[in-house]
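**Q** Predicted model, plus sequence, below.
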Amino acid sequence: MELGTAIDDVRAAKKQAKNTVDASVRADAVLLSSSVDTELQRVIALASEKGASSWLTCRPLKRHGLTLTKGEFRDGIHLRYGWLPQRLPSSCSCGATFSVAHALSCPTGGFPSVRHNEVRDLTAHMLKRVAHNVSVEPHLQPVTGEQFRYRTAIQTEQARLDVAASGIWGGRFERTFIDVRVFNPHATSNRATSIASCYTKHEKEKRRCYEQRVRDIEHSSFVPAIFSTTGGLGKHAESLYKRIASLQAAKTGEAYSCVMSWVRCKLSFALLRSSVMCLRGSRNLRPVQLDSPPTLAVAEAGIRI
């Protein structure tokens, strides 16, 4: 009994010491943050979001898909600390002055769509492990006279969301629709807004567009999965991926903390790689000259098969 009491005392002392150190570090961080300019404060806050540093702190193991090229790592460091990456063009193919903020938002070349699709496909892949009836870009049922509260509600015939799955919450037949958005916190429309308010703003926009339609016509639940290009997650996205991690932990017997760390790490790598693609990808607008069909060329030129 005395040994057990001693062990408990040691654990309590260790916990108290850890809490003291953590409080001291947080106080130093607050003091340091208040001594720098507003732009750097925002960069520090973005880098401090939960999961945003996962790509930097893990071991680069190729078999787990956790590696970066030399250029990707270098650009990732520059993006993380708000430094200007080297060897950037002076102007974009769209005609605007090239900058990091512009590169992360410019639709020329389709790279923001690639970034969005990367997160969408990763989410669907994770859901296939734990949910049923997972589909990518499912069409919504047509609107037949229903009235919506918000004028911004999407009522088009071909409306669709990013991912749908059954059994995430509730019974195995309860359907959940997910819509993904990855926003650039350094864009002009977001720069003057706090990070927390950015997530809230984008979540509200998505909910006003789709939530009532999903609830009233699909009789399903709706989740706006909002991410920042720096690796942060919005409140609803956080709840979604915690649920996915919880379901997988229960299914496989793994520790929830381990699965959740894996989820954050995979999302972090997906967002970083796609951000680097936005930064370095080719935006050449010149039309591509297509070659003749191989069958025609082989037949007319007498190419040996």
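**A** That came through, no problem. If you're wondering where the values come from, they're calculated on a predicted model, not measured in any experiment.
**Q** What about Ser90, how many residues nearby?
**A** Burial of Ser90, expressed as a neighbour count using other C-beta atoms under 10 Å, amounts to 7. Every residue, glycine included, has its C-beta placed from N, CA and C.
**Q** what do you get for Gly170?
**A** Other residues near Gly170 number 12, with proximity taken as other C-beta under 10 Å.
**Q** Figure out the helix or strand that the residue lying closest to Ile305 once chain neighbours are set aside lives in.
**A** Leaving out its chain neighbours, the residue that sits closest to Ile305 by C-beta to C-beta, 6 or more residues apart in numbering is Val298, at 6.7 Å. Here Val298 sits within helix 294-301, counting by DSSP states H and E.
**Q** Which of the residues in that helix are classified as buried?
**A** Neighbour counts using 16 or more other C-beta atoms under 10 Å place no residue of helix 294-301 among the buried ones.
**Q** pLDDT averaged over that helix - what is it?
**A** The average pLDDT within helix 294-301 is 79.
**Q** distance between it and the chain's centre?
**A** Centre-to-centre, helix 294-301 and its host chain are 46 Å apart (C-alpha atoms, centre = their mean, to the nearest Å).
**Q** Output it in CSV, but only the C-alpha positions, please.
**A** Output in CSV follows, covering the C-alpha atoms of helix 294-301 (Å, rounded to 0.1, in the frame of the first residue of the first chain):
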residue,chain,number,x,y,z
PRO,A,294,-0.8,6.3,-82.3
THR,A,295,-2.9,3.8,-84.4
LEU,A,296,-3.0,6.2,-87.4
ALA,A,297,0.7,7.0,-87.1
VAL,A,298,1.6,3.3,-87.0
ALA,A,299,-0.6,2.5,-90.0
GLU,A,300,0.5,5.3,-92.2
ALA,A,301,4.2,5.3,-91.3
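**Q** Quick one: list the elements packing against that helix.
**A** Under the contact criterion of 3 or more C-beta pairs under 8 Å, 6 or more residues apart in numbering; DSSP states H and E, helix 294-301 touches no helix or strand at all.
**Q** Quick one: residues contacting Ile168.
**A** Going by C-beta atoms under 8 Å, 6 or more residues apart in numbering, Ile168 touches Leu127, Val130, Ala131, Glu174, Thr176, Leu240, Arg243, Ile244, Leu247.
**Q** make it 7 Å
**A** By C-beta atoms under 7 Å, 6 or more residues apart in numbering, the contact set of Ile168 is Ala131, Thr176, Arg243.
**Q** Go through those residues and say which is closest to Gly109.
**A** When those are compared for distance to Gly109 (C-beta to C-beta), Thr176 wins out at 32.2 Å.
**Q** On the secondary structure side, give me the element for Glu254.
**A** When the helices and strands are read off by DSSP H and E, none of them contains Glu254.
**Q** phi, psi of it?
**A** Backbone torsions of Glu254, given as degrees, to the nearest 10, read phi -80, psi 160.
**Q** Against Arg74, how distant is it?
**A** Between Glu254 and Arg74 the computed distance is 34 Å (C-beta to C-beta, to the nearest Å).
**Q** One more: Glu211?
**A** Going from Glu211 to Arg74 by C-beta to C-beta gives 41 Å.
**Q** These two - which one has more neighbours?
**A** More neighbours surround Glu211 than the other of Glu211 and Arg74, with 22 against 14 (other C-beta under 10 Å).
**Q** if I read this right, that one contacts Phe222, doesn't it?
**A** Yes - A contact is recorded between Glu211 and Phe222 when judged using C-beta atoms under 7 Å, the distance being 4.6 Å.
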